[in-house]
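[1] Predicted coordinates and the sequence they were generated for:
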Amino acid sequence: MDTLSRLCSGELAGSSRLDLCCGLTEFPREIFDLADTLEILNLSGNRLSELPDDFARLHKLRILFCSDNSFDHLPSVLGGCPNLEMVGFKANQIATVEEASLSPSLRWLILTDNRIGSLPASIGRCLRLQKLMLAGNRLSHLPDEMAACVNLELIRLAANDFSGFPDWLFELPRLSWLGLGGNPWSDRQCRDEPTMVSVEWESLRISHVLGEGASGVIHHAHWHTEAGSQAVAVKVFRGEVTSDGLPASEVAACMVGGNHRNLIGVMGKVSNHPDGKSGLVMSLIDSDFANLAGPPSFDSCTRDVYAEGETFDLAAVLQMVCSLASVACQLHERGILHGDFYAHNVLCNEEGDCLLGDFGAASFYRENEWLERIEVRAFGCLLEELLERCATAQNEAGVLANLWALQGACMAEMVLERPLFAEILLKLENPNFR
């Protein structure tokens, strides 16, 4: 983390990135000394409530983080920044999004955990917008002008006050990852939840961290019962609202999702955590399983990042996509939209055995002909990423062509032209396909 004294002394001259977290109550004017080089500015974790009127002097700025501050509005000065692509104002007290605050250059906007009751019509001018994070606000409707945002691929609308959604939302041609849980609309769709075992926190012996995501941290642990002790994984949620939605929605989806050989087994939910946090006790996965990919980067925005030079053999790809189509079938049969159907939420081994996890963005639905096909596009994106890295022999060219054709069908711009997961699975399991 850079310091204010280093900035003021000129030591950071020529920097392309600046991180300042030091209790700031006013914007340091010295930042403008970096105007010709600064591309990423992180002012999260301060006490700022305003940006200066001449903020657009930072003409090369691409990425701005101002999360965990004291803003009660999204400043209009942001709209004047010509190259601003990513804006994050998570966990402020924002109630108003200024009409002029949304730059047409935006690709990624994060306004999670605020007090926003409405969005301005100007969002319809953000034609490059791909990723929109609005979980944990007070929204009950979306402006119709948003229908023009045809490049939107990921939207988080969980933990708001929606009793319904406009048809144009489900018709967006590139939408693939959609989070709707924790709204009156989704809550009414939830079927009766089966009872989940309650696991006392005191019965768990927590050890090292296994991994973490947007909604929580996963630890290795031992669960002590009268029958003995067993190694488990324990996910402890970060708080009441995450960037994806509510922990309660994730717990409910895990319960209703049930058992499947390609789902991470959930054994119970944590009770009596000393800090009042929610948590899940899950089966411990063999150490030869690893994340299929890393989450999206600043540059990739909505697409996962794979290890450089990574390749997969065709047999492993076929096994993975069959398994993922199968588990998606079960979820949608039970009225569950996973919402985060990404390679970085898939654990796999070298043989292609895989497990889908992380239900942080999950929501419930009934009788909606669009939602499953929206998730099918996410499946198509994952399939595309695997095929781009697939090493095949000459005699496998026909199978590869079939997989590319299936991938194209999953990505059809007209949402209702995409196949359902049951149809996808039938194709994949057909001997003639292989």
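    Sure, I can see it.
[2] mind checking how far Arg125 is from His59?
    To His59, Arg125 is 20 Å away according to CB to CB, to the nearest Å. (C-beta placed from N, C-alpha, C; glycine too.)
[3] cool, and Ser70?
    For Ser70, the distance to His59 - CB to CB - is 26 Å.
[4] now Cys301
    Going from Cys301 to His59 by CB to CB gives 22 Å.
[5] of the two, who's got more company?
    In terms of neighbours (other CB atoms under 10 Å), Cys301 is the more surrounded of Cys301 and His59; the figures are 17 against 13.
[6] Please, which helix or strand holds the more buried one?
    Cys301 belongs to no helix or strand when elements are defined using DSSP states H and E.
[7] quick thing: my sequence starts at 58, can you match it?
    Will do, 58 is the new start, and the previous item becomes Cys358.
[8] where are the low-confidence patches of the stretch 208-357 of the chain?
    Along the stretch 208-357 of the chain, the model assigns pLDDT under 70 to residues 245-251.
[9] the helices in it, which residues?
    For the stretch 208-357 of the chain, helices defined by DSSP state H, counting those that start in this stretch occupy the ranges 224-228, 241-246, 304-314.
[10] hey, which of these is tucked in deepest?
    Compared across the helices of the stretch 208-357 of the chain, helix 304-314 shows the largest average neighbour count, a mean of 22 (mean count of other CB atoms under 10 Å).
[11] would you list the helices of the stretch 208-357 of the chain in TSV and tack on distance to Gly71?
    Listed next are the helices of the stretch 208-357 of the chain as TSV, based on distance: least, CB to CB, whole Å:
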stretch	distance to Gly71
helix 224-228	44
helix 241-246	49
helix 304-314	43
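[12] Go through those helices and name the closest to Val323.
    helix 304-314 (4.5 Å; CB to CB).
[13] what does that closest one contact?
    For helix 304-314, the external contacting residues (CB atoms under 8 Å, 6 or more residues apart in numbering) are 215, 238-239, 243, 247-248, 250-251, 253, 272-273, 294, 297, 320, 323, 326, 335, 337, 387-388, 391-393, 395, 416-417, 419-421.
[14] What's the ChimeraX line that selects buried ones from those?
    Filtering those down to the buried ones (16 or more other CB atoms under 10 Å) takes a single ChimeraX command:
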select :215,238,239,243,247,253,272,273,294,320,323,326,335,337,387,388,392,393,395,416,417,419,420,421
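[15] from what I can see Val256 touches Met324, true?
    Yes - assessed by CB atoms under 8 Å, Val256 is found in contact with Met324 at 7.4 Å.
[16] Spell out which residues are contacts of both of those two.
    Listed contacts common to Val256 and Met324 are 280, 338; contacts here mean CB under 8 Å, 6+ apart.
[17] These two: which has the busier surroundings?
    Neighbours per residue (other CB under 10 Å) separate Val256 from Met324, with Val256 holding more: 22 against 17.
[18] Against Asp332, how distant is that one?
    Relative to Asp332, and taking CB to CB, Val256 is found at 16 Å.
[19] ditto for Gly465
    Distance from Gly465 to Asp332, by CB to CB: 48 Å.
[20] higher neighbour count, the two?
    Between Gly465 and Asp332, Gly465 has the larger neighbour count (other CB under 10 Å), namely 12 against 7.
[21] Wait, a strand at that one?
    No - using DSSP: H, G, I helix; E, B strand; the rest coil, the assignment for Gly465 is helix, not a strand.
[22] ok, it to Glu408 distance?
    27 Å.
[23] And Leu100, by the same measure?
    On the measure of CB to CB, Leu100 and Glu408 end up 46 Å apart.
[24] do Ala92 as well
    According to CB to CB, Ala92 and Glu408 sit 53 Å apart.
[25] what do you get for Ser255?
    Here Ser255 is placed at a distance of 36 Å from Glu408 (CB to CB).
[26] Point out the other helices and strands that the lengthiest helix in the chain packs with.
    Counting by DSSP state H, the longest helix found in the chain is helix 371-390. Applying 3 or more CB pairs under 8 Å, 6 or more residues apart in numbering; DSSP states H and E, one finds that helix 371-390 contacts strand 403-405, strand 411-413, helix 428-445, strand 447-448, helix 454-467, helix 478-486.
[27] which residues touch the closest residue to Leu439 other than its chain neighbours?
    Leaving aside its chain neighbours, Leu439 sits nearest to Ala400 (5.3 Å; criterion: CB to CB, 6 or more residues apart in numbering). Taking CB under 8 Å, 6+ apart as the criterion, Ala400 is in contact with 348-350, 361, 363, 439, 442-443.
[28] Looking at the residues you listed, state which has the most neighbours.
    Across those, neighbour numbers were computed from other CB under 10 Å; Leu439 holds the maximum, 26 neighbours.
[29] List the contacts of it.
    Each residue near Leu439 by CB under 8 Å, 6+ apart is listed here: 361, 378, 381, 398-400, 403.
[30] Helix, strand, or coil at the residue nearest to Cys138 when sequence neighbours are not counted?
    Once flanking residues are discounted, Cys138 sits nearest to Ala113: 5.1 Å by CB to CB, 6+ apart. Secondary structure for Ala113, judged by three-state DSSP, is helix.
[31] Would you format the contacts of Leu439 as CSV with pLDDT and distance to Asn149 included?
    Shown next, in CSV, are the contacts of Leu439 (pLDDT from 0 to 100; distance: CB to CB, whole Å):
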residue, pLDDT, distance to Asn149
Asp361, 95, 29
Val378, 96, 41
Leu381, 97, 37
Phe398, 97, 30
Tyr399, 97, 27
Ala400, 96, 32
Val403, 95, 33
